[in-house]
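In: Need coordinates for the following:
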Amino acid sequence: MSIEFEVSMDDILEFNLYHHQHSPNSRRACLLLRVIMFILMLLISLSFLIQTFVEESSAVYFLFWLILAVLWAVLFPRFYQRSIKKEVEKMYNEGKNKGIICKHRLSLTPDMIINTTDFGESKTYWSSVEKIASTDNHVFIYASAVMAFIIPKRAFSDESKYKEFIETARQYHESAVVKQHVLAKN
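Out: Numbers count the residues shown, from 1 in each chain. Here you go, the predicted model:
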């Protein structure tokens, strides 16, 4: 099975957002930052609340820090996503990325994935694939924990071809994993 498609910066951004939303380490870091900053702002707010018993003007500071803490807790996920997008764009703008942001021809065989561009060809055995993830708009075939083949849904003529591609990839991957377990037992 072979398909041709163009990978754009939007596709790369989608992958990075997906990865950050599903990576246990990234999710943990995001949650920690969100909670620690919320608690810190809440503690500052409470210190001003306590101080209002001595000085009434501290009530304004109490309200300010309380509102800031709530806003942080509510708006942080959007801020975090926006910062990921900005950082990814900055990193990709540092170079030309000729072999990434370009036209790809991806071929799936029972043994491997062959990715061909005008700048080279790579072969990845299914046994080295970490996982296959799909969204409404993309398929991500993880070649490592942080790198994936990014296949946009627009590469397929219709929904059934998209689902067939995902199913074929999963079958090839599962077959390779089973073979690997059998070889490891022998």
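In: ok, which stretches of the chain are strands?
Out: Using DSSP state E, the strands of the chain run over residues 2-6, 103-108, 112-117, 120-125, 131-134, 138-142, 148-152.
In: Of these, which is nearest residue 176?
Out: Minimum separation from residue 176 across these (CB to CB) falls at strand 120-125, 7.0 Å. Quick note: C-beta positions are derived from backbone N, CA and C, even for glycine.
In: Tell me, please, where in the chain the pLDDT is lower than the cut-off.
Out: Applying pLDDT under 70 to the chain picks out residues 186.
In: switch to 90 and redo it
Out: 1, 20-35, 42, 44-66, 73, 75-81, 83-85, 87-102, 145-146, 176-186 (pLDDT under 90).
In: what does the domain assignment say about it?
Out: 2-7+102-185, 11-93 (automatic domain parsing).
In: With mean neighbour count as new columns, can the ones you listed be given to me in CSV?
Out: Output for the domains of the chain, formatted as CSV (neighbours: other CB atoms under 10 Å):
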stretch, mean neighbour count
domain 2-7+102-185, 15
domain 11-93, 14
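In: At which residues are the helices of this structure located?
Out: Counting by DSSP state H, the chain has helices at residues 9-22, 24-51, 58-93, 159-185.
In: Next, the angle from the second one to helix 9-22.
Out: Comparing the axes of helix 24-51 and helix 9-22 via axes from the mean of the first three to the mean of the last three CA atoms, to 10 degrees yields an angle of 70 degrees.
In: do the last one as well
Out: With the same axes, to 10 degrees defining the directions, helix 159-185 sits at 50 degrees from helix 9-22.
In: returning to that earlier point: quick one, which of the helices of the chain gets closest to residue 115.
Out: Nearest to residue 115 among the helices of the chain is helix 159-185 (12.9 Å), distances taken as CB to CB.
In: what's that closest one packed up against?
Out: When contacts are defined as 3 or more CB pairs under 8 Å, 6 or more residues apart in numbering; DSSP states H and E, helix 159-185 packs onto strand 103-108, strand 131-134, strand 138-142.
In: if we can go back for a sec, what would the helices of the chain look like in a markdown table with distance to residue 108?
Out: Conversion of these to a markdown table gives the following (distance: least, CB to CB, whole Å):
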| stretch | distance to residue 108 |
| --- | --- |
| helix 9-22 | 18 |
| helix 24-51 | 28 |
| helix 58-93 | 26 |
| helix 159-185 | 6 |
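In: so which of those helices gets nearest residue 142?
Out: Set against residue 142 and scored by CB to CB, those come closest in helix 9-22, at 8.8 Å.
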